[in-house]
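[1] Everything below, folded, please.
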Amino acid sequence: MPAHHAWPPQGFDVRAVDVDGVRLSAAVGGAGPLIVLLHGWPQTGRAWAKVMPALAEHHTVVVPDLRGTGESERPADGYGKADQADGLRGLIAALGLAGPAVVVGHDIGSMIAFAWALHRPDDVAAVVLLDSYLPGVDLEESMNVVTGGSWHFGFFMAPAIPEMLLDGHELEFIRATFGARSTPSTFTDENLAYYADAYRGRDRLRGGFEHYRTLLDDGRENRAALATRRLTMPVLSIGGRDSVGTQTTDALRPHADNLTGLVAPTGHFVAEEAPEWFLHTLNSFLAGTK
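    From the prediction side, this is the model:
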């Protein structure tokens, strides 16, 4: 196995397929009902490594590197969250798998999971959203710096500037970002170096920032859809105690028929800071959907 594929746990293989002319890479393992794990920024599929073996005991687990990240290609466009959901549907089909799937997302991956559930509901058996504001639901308020929102969304959306400023400072940025948003000792020096390398250089940085550059369009698409439909599948919304908390769950209540909201004993990185808590919570939720 090549060095860059060395992270998946035993029993997982890395596969790359062409979807509409773009190479998408995913780790695949296990057997049973399909579950798809979508990572956030600035990470890769490795974000799920602590929980993949346990999930693979009872599920077929697909863990992509999102478009523009990791071993997936970094095209110039196609980063809208509904577009990415369609690309992931193509990935699943190309792997010879079929749903409906349980779709679990964190951060940017949560935005894609939400768009998948909203725009392609027949494909989604249940959706799990981890510590992320959602375009068209609560993101726009949360990124408004005039009212105290987070500054980084607008910065990352600016064309070319963030790549220019962070090029050559990837490890410094990763260390500061992960340290500020997680429980101490969650990430080792090796973990941080891995993610710094995964985003090293302007083109890899660009592939990550492209996810942010569609957020306003994502919000408009989601609001238009929410005007005429609701989420009818089971939804689990989890916010970190020291991060999103109950905000996104509260904002989702008018739009979801079967919503469970919980607060994790973590910062932003729920599945890495508290993997046992996450697995117990996810398994309990899924047992209740059968």
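[2] now V102, what's its secondary structure?
    Secondary structure assignment for V102 (DSSP: H, G, I helix; E, B strand; the rest coil): strand.
[3] Show me the beta-bridge partners of the closest residue in space to it that isn't next to it in sequence.
    Excluding its sequence neighbours, the residue lying closest to V102 (C-beta to C-beta, 6 or more residues apart in numbering) is I35, at 4.4 Å. Any C-beta I mention is one placed from the backbone N, CA and C, and that applies to glycine too. Beta bridges link I35 to V61, V102 when assigned by DSSP bridges.
[4] Closest to the centroid, which residue in the protein?
    G109 (1.8 Å; C-alpha atoms, centre = their mean).
[5] centre of the chain versus the strand or helix carrying it, how much separation?
    Using DSSP states H and E, G109 maps to helix 108-119. Offset of helix 108-119 from its chain centre (C-alpha atoms, centre = their mean, to the nearest Å): 9 Å.
[6] Could you pull up the mean pLDDT of that helix?
    Here helix 108-119 scores 98 as its mean pLDDT.
[7] Neighbouring strands - and their directions - for the helix or strand following it?
    Following helix 108-119 in sequence order, the next helix or strand is strand 124-130 (DSSP H and E). Strand 124-130 pairs in its sheet with strand 101-106 (parallel), strand 235-240 (parallel), by DSSP bridges.
[8] most tightly surrounded among the ones you listed?
    Neighbour counts (mean count of other C-beta atoms under 10 Å) averaged over each of the strands paired with strand 124-130 peak at strand 101-106, with a mean of 27.
[9] CA-only coordinates of it in PDB, if you can.
    Provided in PDB are the C-alpha atoms of strand 101-106 (Å, rounded to 0.1, in the frame of the first residue of the first chain):
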ATOM      1  CA  ALA A 101     -27.400   5.000   2.900                       C
ATOM      2  CA  VAL A 102     -26.900   6.400   6.400                       C
ATOM      3  CA  VAL A 103     -24.900   9.600   5.700                       C
ATOM      4  CA  VAL A 104     -22.800  11.000   8.500                       C
ATOM      5  CA  GLY A 105     -21.100  14.300   8.000                       C
ATOM      6  CA  HIS A 106     -18.800  16.600  10.100                       C
END
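[10] the inter-axis angle of it versus helix 108-119?
    For strand 101-106 against helix 108-119, the angle by axes from the mean of the first three to the mean of the last three C-alpha atoms, to 10 degrees is 140 degrees.
[11] how about stretch 281-289: buried residues?
    Buried residues in stretch 281-289, defined by neighbour count with 16 or more other C-beta atoms under 10 Å: 281-282, 285-286.
[12] So what's the gap between that stretch and the chain middle?
    Centroid separation for stretch 281-289 versus its chain: 19 Å, with C-alpha atoms, centre = their mean.
[13] which residue ranges form the strands in this protein?
    Along the chain, counting by DSSP state E, strands occupy 12-19, 22-30, 34-38, 60-64, 101-106, 124-130, 235-240, 259-264.
[14] where does the stretch 51-200 of the chain have low pLDDT?
    Within the stretch 51-200 of the chain, no range satisfies pLDDT under 70.
[15] hmm, 90 instead?
    Along the stretch 51-200 of the chain, the parts satisfying pLDDT under 90 run over 99, 146-149.
[16] hey, where'd the helices end up in it?
    52-56, 81-94, 108-119, 139-142, 152-157, 161-166, 170-181, 189-198 (DSSP state H, counting those that start in this stretch).
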